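K.L.:
sequence and predicted structure below; questions after.
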Amino acid sequence: MNIFVLLKRTFDTEEKISLSSGKINEDGAEYIINPYDEYAVEEALQIRDAHGGEVTIVTVGTDESETQIRTALAMGADKAVRINIEDDVEFSDQSTTAKVIAEYLKDKQADIILAGNVAIDGGSGQVGPRVAELLGINYVTTITKIVLDGNNATVVRDVEGDSEVVETSLPLLVTAQQGLNEPRYPSLPGIMKAKKKPLQEIELDDLDLDEDEVEAKTKTIEIFLPPKKEAGRVLSGELNDQVKELVQLLHTEAKVI
């Protein structure tokens with residue numbers, strides 16, 4: 001079975017993030033595999049172990065993403081491809097990424113493609129479905145379970161606190177939701193083996209794409225942190241007076257009544 005995982009390098013939201021001129025300051029940021037992509041990697045490995053084949057990691061990024069790629073290889077993926085478009089594309093977005101990935105995958109005869117439900121830095125959840133649309137294959141998002149039977153797949157997906165069962169066929173793209181599995185930690189032997197696993201590097205020219213074909217469809221004007229929450233107000237005095245003051249505050253300040 002020919003299995004591909006779309007992987008993104010994202011900043012660690014559990015670490016402190018600072019902004020400079022409306023952009024994330026990368027100097028002090030810590031970077032990790034997008035957590036939802038870890039579920040995709042783990043599920044790909046389980047599918048390979050159950051049905052045979054190989055797992056290929058696909059990343060659009062610079063050489064700075066090699067650490068995250070090698071981590072996925074240490075988890076057990078067989079090989080990886082890194083597509084670098086930075087030298088050719090000044091501005092990129094989800095449309096750019098999807099177009100580049102789809103162009104790479106179009107002749108790879110993928111049986112199943114797995115991606116994270118969303119990336120924690122952007123949260124759009126667009127790349128996976130866009131790739132599937134460009135390839136003309138079936139796709140199911142936010143999955144929490146997948147069972148393969150030959151060329152057929154039964155998928156359980158999360159739908160706002162409930163579940164939906166979808167029966168479909170391969171080739172198929174799915175996006176992984178939390179609860180799909182428990183991603184493994186890379187073992188020491190896995191880390192050592194990952195250093196020797198193939199990592200192919202591709203440029204935009206290798207895909208016969210022009211810059212105009214992958215130009216961004218959107219533009220980010222500014223990135224900003226949410227406003228700091230003000231401390232709550234503690235009312236004092238007699239209960240009846242507190243109730244009157246609370247009602248007045250809800251009307252004049254909170255403007256909810």
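P.N.:
Perfect, I can see it now.

K.L.:
give me the low-pLDDT residue ranges for the protein?
P.N.:
Within the chain, the stretches with pLDDT under 70 are 19-28.

K.L.:
ok, which stretches of it are helices?
P.N.:
Secondary structure of the chain, counting by DSSP state H: helices at 35-51, 66-75, 94-105, 127-135, 188-194, 239-252.

K.L.:
among those, which comes closest to residue 9?
P.N.:
Evaluated over those, closeness to residue 9 peaks at helix 66-75, with 4.6 Å, by Cβ to Cβ. All C-beta atoms are positioned from the backbone trio N, CA, C, and that covers glycine.

K.L.:
and for that closest one, what's in contact with it?
P.N.:
With Cβ atoms under 8 Å, 6 or more residues apart in numbering as the test, helix 66-75 has contacts from 5, 7, 9, 31-33, 41-42, 45, 57, 59, 79-80, 82, 183-187, 190-191, 193-195, 197, 199.

K.L.:
how far does that helix sit from the chain's center?
P.N.:
15 Å (Cα atoms, centre = their mean, to the nearest Å).

K.L.:
buried residues of it, list them for me.
P.N.:
Going by neighbour count (16 or more other Cβ atoms under 10 Å), the buried part of helix 66-75 is 66, 68, 69, 70, 71, 72, 73, 74, 75.

K.L.:
between the residues you listed, which is nearest residue 16?
P.N.:
residue 68 (19.8 Å).

K.L.:
contacts only, for residue 160.
P.N.:
Contacts of residue 160 by Cβ under 8 Å, 6+ apart: none found.

K.L.:
phi, psi for it please.
P.N.:
Reported as degrees, to the nearest 10, the phi and psi values for residue 160 are phi 50, psi 60.

K.L.:
could I get the phi/psi values of residue 195?
P.N.:
Torsion angles, degrees, to the nearest 10, at residue 195: phi -60, psi -20.

K.L.:
excluding its backbone neighbours, what's nearest it?
P.N.:
For residue 195, ignoring the flanking residues on the chain, the nearest one in space by Cβ to Cβ, 6 or more residues apart in numbering is residue 70 at 7.1 Å.

K.L.:
what about burial for the contacts of helix 66-75, which qualify?
P.N.:
Buried members of the contacts of helix 66-75, scored by 16+ other Cβ under 10 Å, are 5, 7, 9, 31-33, 41-42, 45, 57, 59, 80, 82, 183, 186, 190, 194, 197, 199.

K.L.:
tell me which of those residues fall in strands.
P.N.:
Counting by DSSP state E, those place 5, 9, 31, 32, 33, 57, 59, 80, 82, 199 in strands.

K.L.:
give me the residue at the spatial middle of the protein.
P.N.:
Nearest residue to the geometric centre of the chain (Cα atoms, centre = their mean): residue 119, 3.4 Å.
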